[in-house]
Each structure stands twice: as C-alpha cells, then as structure tokens.
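Visitor: sequence first, then the predicted structure, then my questions.
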Amino acid sequence: MKQNKTFSPVIKKKQIKQRIIATLIVVFMFLMISGSINTQKAMANDVTNLIQNFVAGTLSLEASAAVAFNDISLGSGGTNSLGNLVIVNARDYTGTGTGWSVTGSMNDMYTSGSGGLNKIVNSVIAWNPGAATLYGLEGASTSGIAKGTAGYFSALKTLFNASAGNGLGNYCFNGTEMNIVWSGASNQVAGTYQNVLTLTIAP
C-alpha cells in the first residue's frame, strides 16, 4: 500500500521563503558584479597633454635722452661739474639666462672754435654707478646683479651687469652720478660742449 506524502502549510511556507531568499541572493550577486564592471569602466583613465610655448624676446636698452651738467663760470677756478643720468632701462626677454653687461663709453666733448682748449677730454669725465638705485620691474629679481665701479671714460666702463642665471626681465637703474673734473684753466673756450655717451647691453 502506497503512502501519501503530505506537506504541512508550515513546511511549504518555509520552502517558499528559502526560494525567495535564494532568488534575492542571486539578484544581489548579479547587481554586485554588474556594479563592479561599471565602476571599472568609470575608473578608466585617459590623458590630455597641455602645451605652453614661451617665445624668446630680445635684449634691449633705453636711457635718458640727455645729461645736463652744472654751468661753470670761467675764472671761478677748478671745480666738479655734476650731472645725473636719470634712468637706464635694461630688458632681457631672451629667456636664455646667459647674463649680460651694460657698459658706457664716450669720446672728448667739443664746442665750436679751435685750439686745444675747445674740448673737455674724456679722461676727466666720470660716472659713479654705486650711487644709483636698482629696481626689478614686472617681478624681476635683482639677485646676481652688480653695480659697476666709479671711473673715467678714458676706458670702457661698466654701469651694471647680471651674472649667468640672473637678470631675466626688466630692470631700471636710476640716478647714476656723472662728473666733469674741470681744472679751472683761464683760457677755456666759452660755449656749449657736447658729445654722446654710448651705452651698450650685451651677453
């Protein structure tokens, strides 16, 4: 005789509950796997190169148009006639960092007339860079920049210079004292004496 197997409502509920839990576990695992794949895709990287070029400029120089010395009265004896080279601008936009030097030279100063006393020789005309003030403009550093020494224009003279690795940018050199040492000769030719001071900037 066969026996009929019967299941109580409690057992059926338990089995249904287990199936639901198993189904939920499978769904949860699927979602976890799917989320992991999407996260990996979201974390994939790519790069973009950023490029900025700085184009080299020039090494340049600007200075005051003229320097006027004090008047000298004939018969007043020997004196020092003072002038002021108000401003010199040196600009190094080359971007090389090789350094540079600003130098000055001049010949004798002359007026109209004849004879040896219608000139002021360059050996009595001097400047004093040490009295000037140096400024770095537009954020330029003054490190590694040195003033020249005082002296006469019978030889090439240095106003200021920048050592290698320095002097990049825009610089202002204000108030260089200039001086004519006049002997007081009584037969000096009266008039206005002129010549040019040549300033040069070079590496």
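Guide: Perfect, I can see it now. Residues are numbered from 1 along each chain as shown.
Visitor: mind listing what Gly165 touches?
Guide: Contacts for Gly165 (Cβ atoms under 8 Å, 6 or more residues apart in numbering) come out as 97, 99, 144. Where C-beta positions appear, they are placed from N, C-alpha and C, glycine not excepted.
Visitor: tell me the most packed of those residues, by neighbour count.
Guide: Greatest neighbour count in these, by other Cβ atoms under 10 Å, goes to Gly99: 17 neighbours.
Visitor: and Tyr110, how far from Leu74?
Guide: Per Cβ to Cβ, to the nearest Å, Tyr110 is found 17 Å from Leu74.
Visitor: what are the phi and psi angles of the most centrally placed residue in the chain?
Guide: Among the residues of the chain, the one closest to the centroid is Gly169, at 2.6 Å (Cα atoms, centre = their mean). The phi and psi values for Gly169, taken as degrees, to the nearest 10, are phi 130, psi -150.
Visitor: setting the sequence-adjacent residues aside, check what's closest to it.
Guide: Ala140 (2.8 Å; Cβ to Cβ, 6 or more residues apart in numbering).
Visitor: per-residue pLDDT, Thr6?
Guide: As predicted, Thr6 sits at a pLDDT of 53.
Visitor: please shift the residue numbers so they start at 12 in all later answers.
Guide: Taking 12 as the first residue, the last one we looked at is Thr17.
Visitor: using CSV, write down the CA coordinates of stretch 204-214.
Guide: Extracted as CSV, the C-alpha positions of stretch 204-214 are listed here (Å, rounded to 0.1, in the frame of the first residue of the first chain):
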residue,chain,number,x,y,z
TYR,A,204,80.4,121.3,-25.1
GLN,A,205,78.8,118.2,-26.4
ASN,A,206,79.3,114.6,-27.4
VAL,A,207,77.5,111.3,-26.9
LEU,A,208,77.6,108.7,-24.2
THR,A,209,77.2,105.3,-25.9
LEU,A,210,75.5,102.7,-23.7
THR,A,211,75.6,99.0,-24.8
ILE,A,212,74.0,95.9,-23.4
ALA,A,213,75.5,92.6,-24.5
PRO,A,214,75.8,89.0,-23.1
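Visitor: quick check: beta-bridge partners of the residue nearest to Val207 when sequence neighbours are not counted?
Guide: Counting by Cβ to Cβ, 6+ apart, Val207 lies nearest to Met117, which is 6.6 Å off, once chain neighbours are set aside. Bridge pairing for Met117 (DSSP bridges) gives the partners Leu208.
Visitor: can you pull out the helices in this structure?
Guide: All helices of the chain, identified by DSSP state H, fall at 20-53.
Visitor: low-confidence ranges in it?
Guide: Low-confidence regions of the chain, defined by pLDDT under 70, span residues 12-26, 33, 35, 37-53, 124-127.
Visitor: the same query, at a cut-off of 90, please.
Guide: 12-55, 87, 123-129, 196-200 (pLDDT under 90).
Visitor: quick check: domain ranges of it?
Guide: Domains of the chain are assigned by automatic domain parsing as 20-54, 70-213.
Visitor: touching stretch 139-153 from outside, list them.
Guide: 96, 156, 158-161, 169-171, 177, 179-190.
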